[in-house]
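1. Need a 3D model of the following:
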Amino acid sequence: MGSPRRLVAKVGSQALCTPEGALDLAVIAGLAGEAAALRQEGWDVLLVSSGAVAAGREVAAPAEERIGDPVTARQVLAAAGQVHLMTCWQAAFREHGLLTAQVLLSKADFQSRQHYLNMRACLEGILEAGLVPVINENDVVSVTELMFTDNDELAGLLAAMVGADRLALLSAVDGVIDPGSGTVIPRWDEAVHTPESVVRSGTSALGRGGMHSKLSVARKTAKLGTDTVIADGRRPGALGDIARAGDAAPVPGTHFPASPRATPAKRWLAGMDGHARGVVTVNDGARDALLDRHRLASLLPVGIERIEGDFERGDVIQVRDRSGRLLGCGRASYDEREAREALGRREQKPLIHYDYLYLVD
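-> As a prediction, the model looks like this:
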């Protein structure tokens with residue numbers, strides 16, 4: 001028997017909560033049932049669940065009124081609400097004979113390569129044990145630079161980490177709407193569509209995310225090799241339809257087709273540009289070589305014009321062109337001192353080997 005197929009399902013607050021802001025137990029029960037059915041069909045299901053802060057307001061609203069600082073209030077609500085949220089998921093999955101495992105993460109958990117590998121091993125162990133991981137941002141300790149943009153970003157990082165076959169971004173929208181026709185775009189095409197042409201900025205009342213965030217995550221995750229779908233999580237059967245969709249059955253919502261699967265190293269690097277320890281600026285020739293889709297180019301010192309930061313061998317560094325545009329990031333083959341000594345010189349080993357270089361475009 002081959003390896004199980006894997007589905008990461010992110011459920012947003014708008015999908016999980018009633019219009020009044022309380023957890024919608026019918027939606028939770030329905031999604032748990034769909035996930036259980038997929039497990040029977042050979043799928044590993046990893047659930048990224050928003051809703052802790054909303055659940056906190058449901059069970060501990062007076063606490064928010066007694067705390068003046070909004071960041072602290074959010075942490076308190078998350079601490080109270082996470083218990084309520086997990087209790088609801090636990091009860092829903094228990095109806096199908098399944099146990100859940102809570103996993104709380106912050107952005108810091110993705111910064112170190114070793115920590116990243118340890119976290120991946122933990123998730124693999126949970127799946128191997130037959131449990132359903134229910135994952136959320138650790139809002140209790142995550143503030144400012146330690147916060148994900150939203151759980152869409154967290155779900156995309158997890159999909160890359162575990163090599164998911166599909167990522168479902170479930171909210172309260174049918175998909176990405178074409179402003180011209182007013183209908184859902186069934187299949188995203190980079191040659192036809194742009195984020196700026198189809199959505200406006202903004203977030204929901206209950207969550208931090210918006211369609212711009214979902215589009216960014218969906219496009220990035222698809223590029224790394226995971227089929228991604230933006231769909232309405234409140235629609236009965238949506239999760240199962242996304243997993244089972246193929247040539248004979250259309251994908252509900254908007255489908256972002258996967259590119260060839262990126263290597264594990266590149267999937268890790270795709271989420272590391274914000275944690276870089278240094279920056280290198282390259283000349284136009286190096287930029288063109290790196291972005292040439294017909295060749296596999298490493299970053300050589302001869303193409304580097306400027307080095308910033310104090311980095312060690314193995315640290316992640318950003319690569320930018322002369323205009324300051326981010327081209328990508330990669331793992332340094334040697335430290336900043338050696339890089340400066342090799343700056344602009346020919347016949348030097350690559351500062352970033354192609355195997356450890358992730359390009360944004």
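
2. got the CA coordinates for stretch 267-279 in PDB?
-> The C-alpha coordinates for stretch 267-279 follow below in PDB (Å, rounded to 0.1, in the frame of the first residue of the first chain):
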ATOM      1  CA  ARG A 267       9.600  24.200   0.900                       C
ATOM      2  CA  TRP A 268      11.200  25.200   4.200                       C
ATOM      3  CA  LEU A 269      13.000  28.200   2.600                       C
ATOM      4  CA  ALA A 270       9.700  29.400   1.100                       C
ATOM      5  CA  GLY A 271       8.600  30.500   4.600                       C
ATOM      6  CA  MET A 272      11.900  31.800   5.800                       C
ATOM      7  CA  ASP A 273      12.400  35.200   3.900                       C
ATOM      8  CA  GLY A 274      11.100  37.100   7.000                       C
ATOM      9  CA  HIS A 275      13.700  35.300   9.200                       C
ATOM     10  CA  ALA A 276      16.800  36.100   7.200                       C
ATOM     11  CA  ARG A 277      20.100  37.000   9.000                       C
ATOM     12  CA  GLY A 278      21.500  38.900   6.100                       C
ATOM     13  CA  VAL A 279      20.900  40.400   2.600                       C
END
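
3. Give me the contacts around that stretch.
-> 107, 110-111, 113, 116, 156-157, 160-161, 163, 220, 224-225, 262, 307-312, 315-320, 326, 328-332, 336, 356-358, 360 (C-beta atoms under 8 Å, 6 or more residues apart in numbering). The way it works is simple: take the backbone N, C-alpha and C, and place the C-beta from them, glycine included.

4. same thing but 7 Å
-> The set of residues external to stretch 267-279 that reach it, using C-beta atoms under 7 Å, 6 or more residues apart in numbering, is 110-111, 113, 116, 157, 160-161, 220, 224, 307-311, 315-318, 320, 326, 329-331, 336, 356, 358.

5. just stretch 292-303 next, same as before
-> 282-283, 285-286, 289-290, 319, 330, 339, 342-346, 348, 350-354, 357.

6. So which bits of it are buried?
-> When neighbours are counted by 16 or more other C-beta atoms under 10 Å, the buried residues of stretch 292-303 are found to be A297, S298, L299, L300, P301, V302, G303.

7. Need phi/psi at the second one.
-> S298 has phi and psi values of phi -90, psi 160 when expressed as degrees, to the nearest 10.

8. which residue sits closest to it, ignoring its sequence neighbours?
-> P350 (3.7 Å; C-beta to C-beta, 6 or more residues apart in numbering).

9. residues near that neighbour, how many?
-> Residues within reach of P350, counting by other C-beta atoms under 10 Å, total 20.

10. Next, the distance between the ends of stretch 239-254.
-> Length of stretch 239-254, first residue to last, C-alpha to C-alpha, to the nearest Å: 13 Å.

11. Run through who's touching it.
-> Outside of stretch 239-254, the residues within contact range by C-beta under 7 Å, 6+ apart are 7, 9, 31, 34-35, 37-38, 43, 166, 168, 174-176, 184-186, 188, 229-232, 238.

12. Now go through those residues and say which are in strands.
-> Judged by DSSP state E, the subset of the contacts of stretch 239-254 located in strands is L7, A9, W43, R166, A168, V229, I230, A231, D232.

13. Count the neighbours of the second one for me.
-> Taking other C-beta under 10 Å as the neighbour definition, A9 ends up with a count of 27.

14. any idea where the strands of the protein begin and end?
-> So, for the chain - with DSSP E - the strands run 5-11, 43-49, 100-105, 132-137, 166-171, 227-232, 254-256, 278-282, 304-309, 316-320, 326-331, 357-359.
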